[in-house]
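K.L.:
Build me a model:
(one chain, ligands or ions: 3)
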Amino acid sequence: MECNQPKPLIILIGPMGAGKTTIGKLLAQQLGFTFYDSDQEIERVSGASISWIFEKEGEVGFRQRETRVLDKLTQLDHIVLATGGGAVTIAENHHFLKRGIIIYLRAEVDIQYERTCRDRNRPLLQIDNPKQKLTELFCKRDPIYQQLANITIVTGHSSPKKMVHDILLQLQDANITV
Ligand SMILES: Nc1ncnc2c1ncn2[C@@H]1O[C@H](COP(=O)(O)OP(=O)(O)O)[C@@H](O)[C@H]1O
Ligand SMILES: O=C(O)C1=C[C@@H](OP(=O)(O)O)[C@@H](O)[C@H](O)C1
Ligand SMILES: [Mg+2]
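P.N.:
Ligands and ions are numbered 1, 2, ... in the order given. Predicted coordinates for the structure are as follows:
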């Protein structure tokens, strides 16, 4: 028997503020899947906040924890997994992410900034010029997001509900059944 269907595991990638956590939750509800967020899972298993981990272990320590969590969560199915914006920067993670259907939520830097500037929980942005940092990260990471994605959804100012609708339509158009 031929089996071309990917396993029902949806993975959201994209920059900080693209809406991965917000849209992931809604999409999971809509599909009747369980929602996971890799940052929330890191906090749960380590019993520490993302900020604390960055402070004590640096970004390197955080990335090691993130890789372990991504390997574990991508072995599940019938889940929607929202990743952190930097998950794609570690080559080893690509193998784990490719276990699922990868959806890139693409957002312009201005939108990323609007949605993250009041939040203190993103250590990489607690600096004098977070917008410049978002720009630098986007330049480096956008090609990687694009290369990994099965589907790209441009967020613009669409509501989360509309984003979920667009994702489901694009999955249908690409003949991907989940
Ligand atoms: N499509 C959207 N429209 C308006 N606000 C949004 C949208 N998506 C996310 N947000 C808001 O932007 C902020 C960051 O969203 P979040 O889901 O945490 O992004 P990410 O996980 O990609 O970093 C949150 O306050 C969220 O409510
Ligand atoms: O882009 C990044 O490197 C990061 C993004 C964050 O997740 P969100 O993309 O959900 O904000 C979180 O994993 C951490 O602060 C690092
Ligand atoms: Mg998030």
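K.L.:
Pull the number of nearby residues for Q146.
P.N.:
Close neighbours of Q146, defined as other CB atoms under 10 Å, add up to 12. Yep, even glycine has a C-beta here, placed from its N, CA and C like the rest.
K.L.:
any idea how far H95 lies from E57?
P.N.:
To E57, H95 is 23 Å away according to CB to CB, to the nearest Å.
K.L.:
more crowded one of these two?
P.N.:
Higher neighbour count among H95 and E57: E57, with 15 against 11, using other CB under 10 Å.
K.L.:
which bits of this structure sit near ligand 2?
P.N.:
Contact residues (CB under 6 Å from any ligand atom) of the chain with ligand 2: 16, 20-21, 39, 50, 84-86, 122-124.
K.L.:
which among the residues you listed are in contact with ligand 3?
P.N.:
Among those, the residues that sit close to ligand 3 (CB under 5 Å from the ion) are 20-21.
K.L.:
now, which of the residues of the chain next to ligand 2 sits nearest ligand 3?
P.N.:
Each of the residues of the chain next to ligand 2 was checked against ligand 3 using CB to the ion; the closest is T21, at 3.4 Å.
K.L.:
Report the beta-bridge partners for the closest residue to the closest one other than its chain neighbours.
P.N.:
Spatial nearest neighbour of T21, excluding adjacent residues (CB to CB, 6 or more residues apart in numbering): A82 at 4.8 Å. Beta-bridge pairing of A82 under DSSP bridges involves L12, D37.
K.L.:
What is the neighbour count of A82?
P.N.:
A82 has 28 neighbours, counted by other CB under 10 Å.
K.L.:
The helix or strand where E136 lies and ligand 1 in contact?
P.N.:
Element membership for E136, per DSSP states H and E: helix 130-148. No. Using CB under 6 Å from any ligand atom, helix 130-148 stays clear of ligand 1, with a minimum separation of 11.0 Å.
K.L.:
Which is the succeeding secondary structure element to that helix?
P.N.:
For helix 130-148, the following helix or strand on the C-terminal side (DSSP H and E) is strand 151-154.
K.L.:
Report the mean confidence score over the next helix or strand after that following strand.
P.N.:
The C-terminal neighbour of strand 151-154 among helices and strands, as given by DSSP H and E, is helix 160-173. Helix 160-173 shows a mean pLDDT of 96.
K.L.:
got it, and stretch 112-121?
P.N.:
96.
K.L.:
buried set for it?
P.N.:
Neighbour-count burial for stretch 112-121 flags 112-113, 115-116 (criterion: 16 or more other CB atoms under 10 Å).
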